[in-house]
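**Q** Coordinates only, no sequence provided:
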């Protein structure tokens, strides 16, 4: 699946382990997300910016996406950087929603 195909999808409410993405599927989906890494039960990427103001603007834009999709990442904001982590607590790991939102954030950062 391509970055564009992932980014065009919408998140759905998911509960239960049956919605978890397997390790093999997660590795496959990560190929569409440049720079994203697989953690133990999350995916993450560190975004770098020229200064704090640009980092803060990025966090606000990611927050807007998260609200639209009703799927919220963990964000770590610092001067010139923002670490974005997605996981789905309601499934106990990774779900398609994590990859969809990561793709939307990736498109945001590229645009």
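**A** Perfect, thanks for sending it. In this text the structure is predicted, and so the values were computed from the model without any measurement.

**Q** rest of the way, CA atoms for contacts and neighbours
**A** Noted.

**Q** Just the buried residues of the longest helix seen in the chain, please?
**A** Looking across the chain with DSSP state H, the single longest helix is helix 52-69. For helix 52-69, burial by neighbour count (16 or more other CA atoms under 10 Å) applies to 52, 54-56, 58-59, 62-63, 65-66, 69.

**Q** Residue 10: which of those is nearest?
**A** residue 69 (6.7 Å; CA to CA).

**Q** so that closest one sits right up against residue 11, yeah?
**A** Yes - A contact is recorded between residue 69 and residue 11 when judged using CA atoms under 8 Å, the distance being 5.6 Å.

**Q** list residues touching both of the two?
**A** Shared between the contact lists of residue 69 and residue 11 (criterion: CA atoms under 8 Å, 6 or more residues apart in numbering) are residues residue 101.

**Q** which sections of this structure are below the confidence cut-off?
**A** Along the chain, segments meeting pLDDT under 70 are nowhere present.

**Q** Just the strands from it, written as ranges.
**A** 37-38, 43-48, 74-78, 81-86 (DSSP state E).

**Q** Quick one: those strands as a markdown table, columns for mean neighbour count and distance to residue 102 too.
**A** Converted to a markdown table, those look like this (neighbours: other CA atoms under 10 Å; distance: least, CA to CA, whole Å):
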| stretch | mean neighbour count | distance to residue 102 |
| --- | --- | --- |
| strand 37-38 | 16 | 11 |
| strand 43-48 | 18 | 8 |
| strand 74-78 | 14 | 12 |
| strand 81-86 | 21 | 7 |
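
**Q** what about residue 70, distance to residue 10?
**A** Taken as CA to CA, to the nearest Å, the spacing of residue 70 relative to residue 10 amounts to 10 Å.
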